[in-house]
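A.B. asks: Below is the sequence, then the predicted model.
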Amino acid sequence: MNHKELFYFAGQCLDLGEHSEFRETIISQFSCGVLKLEDFIFLCSNHLVLPAIYLNFKKFELLEVFPTEFTEHLEDIYKLNKKRNFEILQQIDEINSIFKLENITPVYLKGTANLMDNLYSDLAERMIGDIDLLVQEQDYIKAINLVMGLGYK
């Protein structure tokens, strides 16, 4: 399977919720040996979608199709990401508390905002590595100092 086909295949895995007919394609692609698990994991890991893949495979009862080592790896990534996202939510609460004391209203962006809005079906569905936020220009320096005072960089 070439790189373009691998991307398309990963897209099918992510789109199972809309196209359940992809389930049979996924089974046949993995079963016939056309697709190397290592290549698939590498691509999905680099694009931060392994937890979403895991959730779809679990929901559509595909985990039993794969070797135990593969499913355990996906589950481990899922669990680590769930823990990390829970910690990010706790960090947001900490930042909000300190900002509230100083009358600073942050606007959260991207994955952080989506996580706060419960956009995802599962806390671990989206991989997030940082907290993106905006503050008003006049609060910029004060906000930086407050966040750095909490130990953030």
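C.D. replies: Done, it's in. Numbers count the residues shown, from 1 in each chain.

A.B. asks: Which parts of the chain are helices?
C.D. replies: Counting by DSSP state H, the chain forms helices over residues 3-14, 22-31, 37-46, 50-59, 68-101, 110-116, 140-149, given from the N-terminal end onward.

A.B. asks: for Val34, phi and psi?
C.D. replies: Val34 has phi and psi values of phi -70, psi -30 when expressed as degrees, to the nearest 10.

A.B. asks: so it sits right up against Met1, yeah?
C.D. replies: Yes. If you go by CB atoms under 8 Å, Val34 and Met1 touch, sitting 5.5 Å apart. (Each C-beta comes from the backbone N, C-alpha and C, glycine too.)

A.B. asks: okay, these two: which has more neighbours?
C.D. replies: Between Val34 and Met1, Met1 has the larger neighbour count (other CB atoms under 10 Å), namely 14 against 11.

A.B. asks: ok, the more buried one to Leu134 distance?
C.D. replies: In this structure, Met1 lies at 41 Å from Leu134, with CB to CB, to the nearest Å as the measure.

A.B. asks: One more: Glu18?
C.D. replies: Plainly put, Glu18 is 32 Å away from Leu134 if you go by CB to CB.
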